[in-house]
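>>> fold the following.
(one chain, ligands or ions: 2)
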Amino acid sequence: MIRVILTDIEGTTSSISFVHDVLFPYAAEHMAAFVRERADDPAVREQLDAVARETGTDARDLEALVTVLQGWIDEDRKATPLKALQGMIWEKGYRDGDFQGHVYDDAAGKLREWHDRGLRLYVYSSGSVQAQKLIYGFSRCGDLTPFFSGYFDTRIGAKRETAAYQAILDDLGVEPETVLFLSDVTAELDAASEAGMETILLVRDGDAPQTDYRVARDFDEVDGLMNTID
Ligand SMILES: CSCCC(=O)C(=O)COP(=O)(O)O
Ligand SMILES: [Mg+2]
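Numbering: from 1, shown residues only. Ligands and ions are numbered 1, 2, ... in the order given. So this is what the prediction gives:
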């Protein structure tokens, strides 16, 4: 019986285009100024040092670090220091009202309903925990953060690695078959099911791929499929 729902963000609760056409360009536009202005802030410095270590770049060469980070944004690299810096940059955009977090109506409705039914809800995204709290806290459907019991990002591991899902299970202290993982990426479902979790593939747009996974078009269909899982 499912007691915990672990959800992906991009392509699952939220549209891919919001992340790629609004969030990523905003971070790209503001990255250089942010790094220049905030490089001495210990939280920012920690991430810049991590970028420098990972790439062999001089940690004091801010322009070179920005070039690396812009390249990572362009290739959608799920690198923890980039994700941390993006979260810090997006905070201003949300607070200034430049954009609201995109969450599908069906997702917002079911998150509330599942929470009220006593299910425990968690997020697992490549976006940093700060970015996760922002997209749900400043969502177009209102503040959804009260529905979540916790958040996981790439600091627990990469989303296509089984070890990350095992680490999440250890952290939650629950049996794998009581956890339902929702994602639009089959490689992530492969890793989660290898760890013993139940899974549903979200296909928000277009044709469903040939797959053995349960497929849902939205969270109303997820809710229906959940009843078929023992
Ligand atoms: C937290 S919103 C930004 C999401 C993000 O940065 C990203 O790379 C998408 O990752 P996901 O694991 O949600 O597909
Ligand atoms: Mg996704």
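>>> stretch 110-128 and ligand 1, any residue contact?
Yes - Stretch 110-128 comes into contact with ligand 1 (CB under 6 Å from any ligand atom), by way of 125-127. From N, CA and C alone the C-beta is placed, and that goes for glycine too.
>>> any chance of those residues in JSON lines, plus distance to ligand 2, neighbour count and secondary structure?
JSON lines is the format used below for the residues of stretch 110-128 next to ligand 1 (distance: CB to the ion, whole Å; neighbours: other CB atoms under 10 Å; DSSP: H, G, I helix; E, B strand; the rest coil):
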{"residue": "125", "distance to ligand 2": "7", "neighbour count": "25", "secondary structure": "coil"}
{"residue": "126", "distance to ligand 2": "8", "neighbour count": "22", "secondary structure": "coil"}
{"residue": "127", "distance to ligand 2": "10", "neighbour count": "26", "secondary structure": "coil"}
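>>> quick one: which of those residues is nearest residue 172?
Lowest distance from residue 172 to the residues of stretch 110-128 next to ligand 1 (CB to CB) belongs to residue 125, with 16.2 Å.
>>> residue 9 is in contact with the closest one, correct?
Yes - counting by CB atoms under 8 Å, residue 9 is a contact partner of residue 125 at 4.2 Å.
>>> mutual contacts of these two, please.
With contacts taken as CB atoms under 8 Å, 6 or more residues apart in numbering, the residues that reach both residue 125 and residue 9 are residue 132.
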